[in-house]
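S.K.: Any chance you can model this:
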Amino acid sequence: MREGLRAYRLITAMWIRSTMAYRASFVMNTFGNLVATALDFVAILLMFSRVDVLGGYRLPEVAFLYGLSATAFGLADLAIGSMDRLGRRVRDGTLDTLLVRPAPVLAQVAADRFGLRRLGRVTQGAGVLGYALCAVDVTWTPLKVVLVPLTLLSGGLIFCALFVAGAAFQFVAQDASEVQNSFTYGGQTLLQYPPTVFAKELVRGVTFVLPLAFVNWLPALYVLGRPYPLHLPAWVAFAPPLVAAGCCAASGLAWRAGLRSYRSTGS
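M.R.: Alright, predicted model coming up:
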């Protein structure tokens, strides 16, 4: 792990230096990324221009859900968002060049073409979260205050695990980046809205099968004082760190299995 972190740090530093060589381009790309991701929240604002509540939630509460999921996903996308390029490397055989280097392959793939411009997504999500924390009607306790950053960290790790698991699947499918995106980008879009607007079968699926509900729904409902979906016990609001650890362990095993199955392009 120490070697992987060192390799990741060196590769990302190289890409950051390359990015900052053209600072005006970096600023414009980052601003464009911020504006593009902000359109998601603009759509929510347009909804609330016609309704007062959405699934029983008011705008500050939905903004709280949005801010948690968007910031957590932004952190994961910034850290290892390049994992969705693995299928291309498998197809054209350029993954072989990473295998012969004296560094863990996962660290190389995760840091490949590190996009500092993705800070725009993190900034936009954090801005909405800041608005929600100021506007939401919550009686804050020390436990709730600690739960917010803990949720962001755990949610980011859960999304990182999804990125790695999706990349591992591409060893087999080779052209499945959109399948991966449906769980990462699609999952983040799903979590922007209250669980009350979805069918119970879907809520069960993202709680017990693909544990996206632990990214923001369950801890956020504890903070907001809302009833849990599916009549879950109160302690599940504090389970995201354990769920994140389990997801990371499972994705690590999937990555090892996928890498062992790699047979190059055959040419």
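S.K.: For stretch 8-20, buried residues please.
M.R.: Residues of stretch 8-20 classed as buried under the neighbour-count rule (16 or more other CB atoms under 10 Å) are 8, 11-12, 15, 19. Quick note: C-beta positions are derived from backbone N, CA and C, even for glycine.
S.K.: Also stretch 178-192?
M.R.: Residues 180, 183-185, 187-188, 190-192 are the ones in stretch 178-192 that count as buried (16+ other CB under 10 Å).
S.K.: Tell me which stretches of the stretch 151-267 of the chain form helices.
M.R.: Under the criterion DSSP state H, counting those that start in this stretch, the stretch 151-267 of the chain contains helices at 177-191, 200-204, 217-224, 240-261.
S.K.: how about those helices, which one is nearest Leu162?
M.R.: Distances from Leu162 to each of the helices of the stretch 151-267 of the chain were compared using CB to CB; the shortest belongs to helix 177-191, at 5.2 Å.
S.K.: Tell me which of the helices of the stretch 151-267 of the chain lies nearest to Leu98.
M.R.: Go through the helices of the stretch 151-267 of the chain one by one with CB to CB and the one that ends up closest to Leu98 is helix 240-261, at 10.3 Å.
S.K.: Touching that closest one from outside, list them.
M.R.: Contacts made with helix 240-261 from outside it, assessed by CB atoms under 8 Å, 6 or more residues apart in numbering, are listed as 105-106, 150-151, 153-155, 157-158, 160-162, 164-165, 167-172, 211, 214-215, 218-219.
S.K.: Among the buried residues of stretch 178-192, show me the least confident.
M.R.: Of all those, Gln180 carries the smallest pLDDT score, 81.
S.K.: That residue reaches Ala167, doesn't it?
M.R.: Yes - taking contact to mean CB atoms under 8 Å, the distance of 7.1 Å between Gln180 and Ala167 places them in contact.
S.K.: Quick check: neighbours shared by the two?
M.R.: 83-84.
S.K.: Would you point out the most distant pair within the buried residues of stretch 178-192?
M.R.: Put simply, by CB to CB the two of those set farthest apart are Gln180 and Gln192, 19.2 Å from each other.
S.K.: now Tyr57: how far from Gly155?
M.R.: From Tyr57 across to Gly155, the span is 19 Å (CB to CB, to the nearest Å).
S.K.: ok, those two, which is more surrounded?
M.R.: In this view Tyr57 and Gly155 are compared by other CB atoms under 10 Å, and Gly155 has more residues nearby, 28 against 20.
S.K.: my guess is the more buried one contacts Ala70, does it?
M.R.: No - applying CB under 8 Å, one finds Gly155 not in contact with Ala70, separated by 9.9 Å.
S.K.: need the contact list for Asn216.
M.R.: 65, 68-69, 72, 151, 155, 191.
S.K.: Only the buried subset of those residues, as a PyMOL command please.
M.R.: Those of those that count as buried under 16+ other CB under 10 Å are selected in PyMOL with:
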select buried, resi 65+68+69+72+151+155+191
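S.K.: quick check, nearest of the contacts of Asn216 to Ala239?
M.R.: Each of those was checked against Ala239 using CB to CB; the closest is Thr151, at 10.8 Å.
S.K.: pLDDT below threshold where in the stretch 51-200 of the chain?
M.R.: Within the stretch 51-200 of the chain, no stretch falls below the threshold (pLDDT under 70).
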